[in-house]
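J.: Need a 3D model of the following:
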Amino acid sequence: DSLAPGEEVLISMEVMPQVEGEIGNTARITFEAQASVRTICTKPQLLVEHSSDPKVLIGEDVIFNITISNPGSGDATGIILEEDVPRGLSHVAGSELELDVGTLRPGESRRLELVLKANEAGVTSNKLRVRGDANLLAEHTIQVEIIAPKLLVGLAGPRRRYLDRQVKYQVAFRNAGTAIAKNVELATYLSRGLKFVSTSGKGQYDSRDHAVYWSLDQLAPGQEGDVELIALPVATGEQKLRIEGTADLGLSHTFEHTTVVEAIKQGARRP
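T.: Numbers count the residues shown, from 1 in each chain. Purely as a prediction, here's the structure:
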C-alpha cells in the first residue's frame with residue numbers, strides 16, 4: 001500500500017514454467033505523487049480626509065491638510081487625487097486639479113497640502129476624491145466660510161433749503177459684512193454752492209478739495225455710526241454732496257445727496 005522513507009518490502013511469488021528455454025521477468029512499481037498550493041487573497045482600500053480653518057478672510061490662502069491612507073490588506077495602486085475647485089475658491093492651475101499619488105501599501109498613509117485662494121464671501125463646500133485600480137474610490141467633503149467686510153455709506157439731510165440758512169447733514173457708515181473693516185476712510189465732497197461750517201467726529205476740512213475727511217482704525221461686523229456735517233448754502237440751485245467710503249481689501253462705496261437751494265422771495269417768511 002505505502003512505503004515509508006527508507007522502508008523495504010519483500011514480495012515472493014511462485015510461477016510454473018510452460019515452455020522450455022530462458023525465462024525473463026519484469027517487475028514494475030507505480031506510485032502517486034501529490035502537490036498542493038495555497039493562495040492568499042488581499043483587499044486594498046482607500047480613505048481620504050482633509051481639514052482647514054473653518055473661517056478664512058477673503059483674499060487670503062485656504063490651506064487644506066490632506067491625508068490619504070490604505071487601511072486594507074493589499075497594495076492600493078494607481079491612486080489619483082482629484083479636486084474640483086468650488087465657487088468662492090480659486091487655484092492658479094484652474095478649476096480641475098489632479099495629482100498622481102502612486103501606490104500605498106497596507107496600513108500606509110500619505111500627507112499632502114493643497115492651497116487655494118479665497119476670493120468670494122460665503123460658505124463653500126470643498127470635496128476631495130481619490131480613485132485607484134480595481135475601482136477603488138473614496139471622497140471627503142468639508143465646509144469653509146469665507147468672511148469679508150462690506151462698507152456702506154449714506155447721507156441724510158433736507159432736500160430743499162433756503163439761501164443763507166444752515167443745513168445739517170448726517171453722514172452714516174456701516175459694516176454690513178462678516179469681518180472687520182480696517183483703515184476706514186470717509187470723505188464728503190461739497191458743491192461750491194455749499195460753504196463748510198463745522199463737523200463732528202474729529203472730521204477735517206480740506207479747502208483745496210472742498211471736502212471733509214474722517215478716519216476710523218476699524219469697524220467691526222454689524223457696527224455702524226454717523227457724524228454731523230453743517231454747511232451754509234451760498235448759491236441757489238441743486239447742490240450735491242458726495243460721500244465716499246474706503247477700507248482695506250479694496251472696499252469702497254459712494255452715495256450722493258442733492259439739496260435744492262432756493263432764494264427767499266421778498267416778503268416771504270423764513271422757516
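
J.: What confidence value was assigned to the residue most central in space within the chain?
T.: Residue closest to the mean C-alpha point of the chain, counted by Cα atoms, centre = their mean, is Leu89 at 4.8 Å. Per-residue pLDDT puts Leu89 at 97.

J.: Now do the SS call for Pro86.
T.: Per DSSP: H, G, I helix; E, B strand; the rest coil, the secondary structure class of Pro86 is coil.

J.: nope, Lys202 is what I was after
T.: coil.

J.: Would you agree it is in contact with Leu216?
T.: No: taking contacts as Cβ atoms under 8 Å, Lys202 lies outside contact range of Leu216: 9.9 Å. For every residue, glycine as well, the C-beta is placed using N, CA and C.

J.: out of those two, which sits in the busier spot?
T.: Leu216 (19 against 10; other Cβ atoms under 10 Å).

J.: need the contact list for the residue nearest to the more buried one when sequence neighbours are not counted.
T.: Spatially, and ignoring its direct neighbours in sequence, Leu216 is nearest to Val184 (4.0 Å; Cβ to Cβ, 6 or more residues apart in numbering). Val184 makes contact with 151, 173, 215-219, 245-247 under the criterion Cβ atoms under 8 Å, 6 or more residues apart in numbering.

J.: Look up how far Ala148 lies from the residue nearest to the centre of the chain.
T.: Applying Cβ to Cβ, to the nearest Å, the value for Leu89 to Ala148 is 13 Å.

J.: What segments of the stretch 101-250 of the chain are helices?
T.: Secondary structure of the stretch 101-250 of the chain (DSSP state H, counting those that start in this stretch): no helices present.

J.: How confident is the prediction for the residue nearest to Glu108 when sequence neighbours are not counted, by pLDDT?
T.: Closest residue to Glu108 apart from its sequence neighbours, by Cβ to Cβ, 6+ apart: Asn70 at 5.6 Å. Looking at Asn70, its pLDDT is 97.
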